[in-house]
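Colleague: Model the following, please.
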Amino acid sequence: MLGGTFDPIHHGHLRSAIELREALGLDHVRLIPCHQPPHREAPGVSSEERLAMLEVAIAGEPGLMADDRELFREGPSYSADTLASLRAEYGPQARLVMAIGHDAFLKLGEWHAAERLFDDAHVVVIERPDHDAPLPPALEALIAGREVETVQALMARPGGQLLRLSLPTRMAISATFVRERLALGDSVRYLLPETVIRHIEAHDLYRPQSE
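Modeller: Purely as a prediction, here's the structure:
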């Protein structure tokens, strides 16, 4: 599971998904658009449009799947609830992984029902090589005794452990930067898949600001 607002989906998201699948030996990666983000204001583009951009971005890419389950659940889109639904779908012995970036990891101790995340899945943190600050006390307590050092150790169990993982490519693209360029009418070529750019243009999303 790789969740996010995907507002819009960009090459940084997509490259991380592919490298996660390869590094962890996953059958597939489910990219799950967040319907109602609990920790930030709602995106300016609808969940349906964000899902549509995701679908055109990964069309034909083996191992990447768009998952719309959060769009049909009322209330905030809590990851604990999403993982519980995936665990119910895949059964008790499947090895499930939730991947998050380092910034989100630092706030994990504040997430809704954070302990439940480990009841249903492993957590894999996409590391930032330049970040070595101490962890918040709540996070230290949450992950105590859970951290493993290798993919093999992680995959020995269905869930409950944490692995910090450095990916080969760390593309410094942010959705905020993409939206700012789109709002100004500036080029976003090579930041997004061409299929996503065409969808944005066809549906008049992130329109340029008027003078």
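Colleague: all strands of this protein, in order?
Modeller: For the chain, strands defined by DSSP state E occupy the ranges 2-4, 29-33, 64-66, 97-101, 122-126, 147-148, 162-165.
Colleague: Correct me if wrong: residue 167 contacts residue 128.
Modeller: No: counting by C-beta atoms under 8 Å, residue 167 stays clear of residue 128, with 10.5 Å between them. From N, CA and C alone the C-beta is placed, and that goes for glycine too.
Colleague: Could I get the average pLDDT for the longest helix seen in the chain?
Modeller: Counting by DSSP state H, the longest helix found in the chain is helix 11-24. Mean pLDDT, helix 11-24: 96.
Colleague: between that helix and strand 29-33, what angle do the directions make?
Modeller: Going by axes from the mean of the first three to the mean of the last three C-alpha atoms, to 10 degrees, helix 11-24 is angled at 150 degrees with respect to strand 29-33.
Colleague: Flag every buried residue along helix 11-24.
Modeller: 11-21, 23-24 (16 or more other C-beta atoms under 10 Å).
Colleague: Now do the helices in this protein.
Modeller: 11-24, 47-58, 79-90, 102-106, 114-120, 137-143, 151-154, 175-184, 194-202.
Colleague: what's the most buried one of the ones you listed?
Modeller: helix 47-58 (a mean of 20; mean count of other C-beta atoms under 10 Å).
Colleague: Can I get it as PDB, trimmed to CA atoms?
Modeller: What follows is helix 47-58, C-alpha atoms only, in PDB (Å, rounded to 0.1, in the frame of the first residue of the first chain):
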ATOM      1  CA  SER A  47     -11.000  12.400  -5.200                       C
ATOM      2  CA  GLU A  48     -12.600  11.100  -8.500                       C
ATOM      3  CA  GLU A  49     -10.300  13.300 -10.600                       C
ATOM      4  CA  ARG A  50      -7.200  12.300  -8.600                       C
ATOM      5  CA  LEU A  51      -8.100   8.700  -9.000                       C
ATOM      6  CA  ALA A  52      -8.600   9.200 -12.800                       C
ATOM      7  CA  MET A  53      -5.200  10.800 -13.100                       C
ATOM      8  CA  LEU A  54      -3.700   7.900 -11.200                       C
ATOM      9  CA  GLU A  55      -5.400   5.400 -13.400                       C
ATOM     10  CA  VAL A  56      -4.100   7.000 -16.700                       C
ATOM     11  CA  ALA A  57      -0.600   7.300 -15.100                       C
ATOM     12  CA  ILE A  58      -0.200   3.600 -14.400                       C
END
